[in-house]
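# need a structure here:
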Amino acid sequence: MKVFGFMVPSDHVVKCSPNDTVKTAAEQILSNKISAVIVVDGAVPVGIITKTDIAKAYLAGVSLDSKAESIMAKDLKTVSSNLPRDDAAKIFEEHRIHHAIVVDEGDGDFAGLISAWDIAKECVLDQKAWPYYRHEGDRKIHVTSPKTQ
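Below is the predicted model of the structure:
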């Protein structure tokens with residue numbers, strides 16, 4: 001399975017601006033029941049704020065009225081939309097990350113977001129599919145029996 005088959009598309013990724021408040025980012029994380037918000041300048045990802053960043057900011061005494069850019073991580077890891085799932089998992093392990101920005105292989109634009117949970121879910125789906133096979137086909141997941149392969 002390639003990353004584009006299970007990523008959260010960019011138009012569904014929860015985002016905030018660098019000038020939004022820490023409180024706004026925290027509220028977005030809680031209200032959407034997610035683990036991170038992508039900080040964008042226009043349509044370009046410039047940072048990420050995770051639950052861990054919010055907790056660290058709280059312990060450091062950062063005001064909820066501070067700008068999101070003051071607590072965001074700026075070292076974003078990216079993966080190609082055409083990268084196989086297992087290769088993405090290796091990147092997560094090597095860099096000890098839980099989220100990666102997905103970029104379009106053709107133009108390098110922000111295509112989406114994947115998390116360690118997304119990768120884990122895909123591994124479970126592959127296990128459940130046996131003895132059937134899963135393939136991307138037109139960017140959707142199709143399950144077909146071995147006889148039709």
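
# How far does stretch 55-65 stretch from one end to the other?
Stretch 55-65 has an end-to-end distance of 15 Å (C-alpha to C-alpha, to the nearest Å).

# swap in stretch 15-28?
The first and final residues of stretch 15-28 sit 8 Å from each other (C-alpha to C-alpha).

# Can you tell me the SS state at Asn19?
Secondary structure, DSSP: H, G, I helix; E, B strand; the rest coil: Asn19 is coil.

# so what's it closest to, chain neighbours aside?
Residue nearest to Asn19 in three dimensions, not counting chain neighbours: Lys67, with 5.7 Å by C-beta to C-beta, 6 or more residues apart in numbering. (C-beta placed from N, C-alpha, C; glycine too.)

# Which parts of this structure are strands?
8-9, 15-16, 36-41, 44-50, 78-80, 99-103, 110-115, 133-135, 142-144 (DSSP state E).

# pretty sure the residue nearest to Asn19 contacts Thr21?
Yes: counting by C-beta atoms under 8 Å, Thr21 is a contact partner of Lys67 at 6.8 Å.

# What is the neighbour count of Asp126?
Neighbourhood size, Asp126 [other C-beta atoms under 10 Å]: 14.

# make that Pro45, sorry
Pro45 - counted by other C-beta under 10 Å - has 18 other residues nearby.
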